[in-house]
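Asker: quick one, structure for this:
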Amino acid sequence: MGCRMDRELLPNTTETSRESRELLVRRLVRNARETGSSDGIDGKRKAQRFRSSTSLEFSFDPNANGRVSWAKMHNVSRGGLSFWAKKRLALKRRVFVRSFVDGTPTDWLPAKVCHCTSGIMGFLVGVEFQFEAAE
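Answerer: Below is the predicted model:
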């Protein structure tokens, strides 16, 4: 389940370095590129998006025990990702997202909610990472 990432990236904290975050994002994108496909819609985007159905968790306060929600990723690029959530998320709200490696959660990635649209699987939430991973 989740992405194929190296185990040394699993300290499970919000206090990770920019380099560790960038590495996690690059690996999410690489996994989506290898297992999914490009959505073919570039528009004004800086980075290409790839479809993915990786399991995620998101939280507004990842340091609060038990305050985490499950989600299914829709797509990912090096600038952000989108996922399906059961509830509407407020625009511009800070959120943390993380994926899993062999059932173990990775580090939290800080992001900001850019859109939230009602859809067939709940709410499609688009988030922008609060840093941009290099290619």
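Asker: next helix or strand past the worst-scoring helix or strand of the chain on mean pLDDT?
Answerer: When each helix and strand of the chain is scored by mean pLDDT, DSSP states H and E, strand 100-101 comes last, with a mean of 80. Using DSSP states H and E, the helix or strand that directly follows strand 100-101 along the chain is strand 104-105.
Asker: tell me the mean pLDDT over that following strand?
Answerer: The average pLDDT for strand 104-105 rounds to 86.
Asker: partner strands of it, with direction?
Answerer: Here strand 104-105 has these sheet partners by DSSP bridges: strand 100-101 (antiparallel).
Asker: quick one, strands of this structure?
Answerer: Residue ranges of the strands in the chain, as given by DSSP state E, are 50-51, 55-59, 69-77, 80-85, 94-98, 100-101, 104-105, 109-119, 122-129.
Asker: which residues does the second one contact?
Answerer: Okay, so that is strand 55-59. Applying Cβ atoms under 8 Å, 6 or more residues apart in numbering, the contact partners of strand 55-59 are 1-2, 67-73, 81, 83, 85, 95-100, 105, 108. Yep, even glycine has a C-beta here, placed from its N, CA and C like the rest.
Asker: Leu81 against Met73, yeah?
Answerer: Yes - in terms of Cβ atoms under 8 Å, Leu81 counts as a neighbour of Met73; the distance is 5.9 Å.
Asker: so those two - more neighbours on which side?
Answerer: Leu81 (29 against 22; other Cβ atoms under 10 Å).
Asker: identify the residues contacting that one.
Answerer: Leu81 neighbours (Cβ under 8 Å, 6+ apart): Leu28, Leu56, Met73, His74, Asn75, Val97, Ala111, Gly126, Val127, Phe129.
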